[in-house]
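Asks: Fold the following and give me the result.
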Amino acid sequence: MKRVITYGTFDLLHYGHINLLRRAKALGDYLIVVLSSDEFNWNEKHKKCYFTYEERRQLIEAIRYVDLVIPENNWEQKVNDVREYHIDTFVMGNDWEGKFDFLKAYCEVVYLSRTPEISTTQIKNDLNTTGGGR
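Replies: Alright, predicted model coming up:
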């Protein structure tokens with residue numbers, strides 16, 4: 001069985017997230033999503049999520065491509081996660097290109113292109129400036 005892992009906040013879940021998870025799952029048989037905890041988002045990433053960790057976890061667990069959701073509590077846990085869960089492929093969006101190449105010593109590292117016309121940041125900006133959708 002080929003195991004794939006990806007990381008993210010997945011706040012304001014949208015079709016770009018679904019595309020990423022579908023494509024990540026296509027690279028293996030078992031997909032683990034490591035979901036940033038509320039504390040990690042606030043203390044390390046300096047961002048506040050609209051949905052809590054538990055709410056985001058429920059949303060991600062409901063996606064058919066996802067087999068397991070675990071919390072991300074710090075930047076350094078990636079090597080341990082890859083080893084503990086016997087990961088074959090580490091997947092991230094290409095906006096992180098090169099940042100996780102150090103994991104190539106443990107598994108394959110793949111950077112997938114993002115869905116160009118959608119992002120959580122863009123959704124938040126659109127809602128803040130227009131009060132509505134696109």
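Asks: CA only for contacts and neighbour counts going forward, please
Replies: Fine.
Asks: In a strand, Thr6, correct?
Replies: Yes - with DSSP: H, G, I helix; E, B strand; the rest coil as the criterion, Thr6 is assigned to a strand.
Asks: pretty sure it is touching Val91, no?
Replies: Yes - with contacts counted by CA atoms under 8 Å, Thr6 reaches Val91, the gap being 5.0 Å.
Asks: neighbour count winner among those two?
Replies: The residue with more neighbours, out of Thr6 and Val91, is Val91; 24 against 21, by other CA atoms under 10 Å.
Asks: what's the spacing between the more buried one and Gln122?
Replies: 22 Å (CA to CA, to the nearest Å).
Asks: re the thing from before, can you list residues touching both of Thr6 and Val91?
Replies: Contact with both Thr6 and Val91 is made by residues Ala24, according to CA atoms under 8 Å, 6 or more residues apart in numbering.
Asks: neighbours of Arg64, just the number please.
Replies: Arg64 sits with 11 neighbouring residues when counted by other CA under 10 Å.
Asks: So what pairs up with the closest residue in space to Asp67 that isn't next to it in sequence in the strands?
Replies: Computed as CA to CA, 6 or more residues apart in numbering, the closest residue to Asp67 that is not its neighbour in sequence is Leu31, at 5.3 Å. Beta-bridge pairing of Leu31, defined through DSSP bridges, involves Val4.
Asks: show me the contacts for Leu31.
Replies: Contacts of Leu31 by CA under 8 Å, 6+ apart are 3-6, 24-25, 65-68.
Asks: could you dump those residues to a markdown table with pLDDT?
Replies: Shown next, in a markdown table, are the contacts of Leu31 (pLDDT from 0 to 100):
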| residue | pLDDT |
| --- | --- |
| Arg3 | 98 |
| Val4 | 98 |
| Ile5 | 98 |
| Thr6 | 98 |
| Ala24 | 98 |
| Lys25 | 98 |
| Tyr65 | 98 |
| Val66 | 98 |
| Asp67 | 98 |
| Leu68 | 98 |
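Asks: All set, thanks.
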